[in-house]
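>>> Structure for this input, please:
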Amino acid sequence: SGQKFRTQLEFVLEQNPEMAGSPFLLCLLIKVFKTEGTIPTSRHHLYERLVQGLLANHTVKLYTNISESANDMMQILMRIFCKHATEFLQTLALVCHLRLHQRDFQWCSGEHQTKIQEKMQEIWRNEDLSLKDMGRSLLEPSTVG
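Reported below is the predicted structural model:
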C-alpha cells in the first residue's frame with residue numbers, strides 16, 4: 001500500500017538521505033517495494049536485492065522446460081545458479097571498475113572480452129563453473145532478454 005511505502009521510505013531517508021536524491025534510486029526503491037513489500041535501508045542492499053531479483057527471473061527463463069515433478073530440484077538449481085551468477089557479476093564489476101578502470105564492457109567483442117576474461121580468471125575461484133560457461137549463460141545475446 002502507499003502508506004506502507006511512505007512509512008518505510010521516511011525511515012530509510014532518516015538514515016540515508018541520499019537515497020531520495022536521485023530519481024533513478026527512487027525508481028529502484030519502488031521496484032523493490034512492489035516486488036518484495038519492503039524497502040532496503042542502504043544503497044548496497046538495494047542493488048543486491050535488484051540483482052537477486054534479476055537473476056531469479058533469468059534463472060526461471062532458463063529452467064522453464066523442467067517438468068512439474070522436478071520442481072524441488074529446480075528450486076535447488078535456481079539457488080545454486082543465482083549464487084554462482086552473483087559471484088560472476090561481482091567479479092566482472094571488480095575487474096571492469098577497479099582493474100581496467102572502465103564503466104562499460106562488451107562481453108562478446110574480441111579484444112575487450114579477452115582482457116576482461118584474463119583479469120577475471122586471476123580472481124575466479126569457482127571450480128564448478130568456468131567463466132566461459134557463466135558468460136555464455138548470463139551475457140550472450142541468445143540468453144538475455
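>>> mind listing the helices for the protein?
For the chain, the helices defined by DSSP state H occupy 2-15, 23-36, 43-62, 71-94, 110-123, 131-139.
>>> In the longest one, which residues are buried?
Applying a neighbour-count criterion of 16 or more other CB atoms under 10 Å, one finds 74, 78, 81-82, 84-85, 87-89, 91-92 buried in helix 71-94. Backbone N, C-alpha and C define where each C-beta goes, glycine included.
>>> And the fifth one, by the same measure?
Applying a neighbour-count criterion of 16+ other CB under 10 Å, one finds 112, 115-117, 119-120 buried in helix 110-123.
>>> related to what we said a few turns ago, now the helices of the chain in CSV, with mean pLDDT and distance to Arg103?
As requested, these are exported to CSV (pLDDT from 0 to 100; distance: least, CB to CB, whole Å):
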stretch, mean pLDDT, distance to Arg103
helix 2-15, 87, 27
helix 23-36, 85, 15
helix 43-62, 78, 15
helix 71-94, 79, 10
helix 110-123, 78, 13
helix 131-139, 78, 16
